[in-house]
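# need a 3D model of the sequence below.
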Amino acid sequence: MLSILQHDYVFWLGDLNYRIAVDVEEEDIWKLVNQGDWLALRAQDQLNIERERGNVFAQFNEGVINFPPSYKFQPGKNAFLFALAH
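Purely as a prediction, here's the structure:
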C-alpha cells in the first residue's frame, strides 16, 4: 500500500478555505474583492496562514487563485453577500 505522500499527484477537492483573518475589516475585504486583489486576500486567508506556519497541508502547494469568491457569509447576520466577477 502506498501512502498519500508516495503518489506523484494528490488532489484535494472541496471548500478548504477557512475564513479571512478576523483582524481585517469587512469593508476592507470587499474593497479588495472589488479591486480583484486576490494576492492581498490570500495573504489574509486563515488556511494560507496556517499552511505557512506548517500546521496544515505543509507538504502541499495550491495553484494561483485568479477569480473572486462566489459568496461570503456575514457573521452575525442572516445574509450572504455575492461577489461579482469582473
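# so which bits of the helix or strand harbouring residue 47 are buried?
Per DSSP states H and E, residue 47 falls inside helix 46-52. By neighbour count on 16 or more other C-beta atoms under 10 Å, the buried set for helix 46-52 is 47, 48, 51. Glycine gets a C-beta too; all of them are placed from N, C-alpha and C.
# can you pull out the helices in this protein?
With helices called from DSSP state H, the chain shows them at 26-35, 38-43, 46-52.
# give me the neighbour count for residue 22.
Counted with other C-beta atoms under 10 Å, the neighbours of residue 22 add up to 8.
# please report the distance of it from residue 11.
Using C-beta to C-beta, to the nearest Å, we find residue 22 at a distance of 30 Å from residue 11.
# go on, residue 65?
Residue 65 is 16 Å from residue 11, where distance means C-beta to C-beta.
# more neighbours: the two, which one.
Set residue 65 next to residue 11 and count neighbours by other C-beta under 10 Å: residue 65 wins out with 14 against 5.
# can you verify my assumption that the more buried one contacts residue 45?
No: here residue 65 does not reach residue 45: they are 9.2 Å apart, not a contact under C-beta atoms under 8 Å.
# around the residue lying closest to residue 20 once chain neighbours are set aside, how many other residues sit close by?
Closest residue to residue 20 apart from its sequence neighbours, by C-beta to C-beta, 6 or more residues apart in numbering: residue 44 at 5.0 Å. Other residues near residue 44 come to 17 when the count uses other C-beta under 10 Å.
# now do the contacts for residue 44.
Residues near residue 44 by C-beta atoms under 8 Å, 6 or more residues apart in numbering: 20, 21, 24, 29.
# so which of the residues you listed is the most crowded?
That'd be residue 20 among the contacts of residue 44, by other C-beta under 10 Å, with 21 neighbours.
# any idea how far that one lies from residue 31?
To residue 31, residue 20 is 12 Å away according to C-beta to C-beta.
# and what of residue 62?
Look at residue 62 and residue 31: by C-beta to C-beta, they are 23 Å apart.
# please apply the same query to residue 12.
According to C-beta to C-beta, residue 12 and residue 31 sit 30 Å apart.
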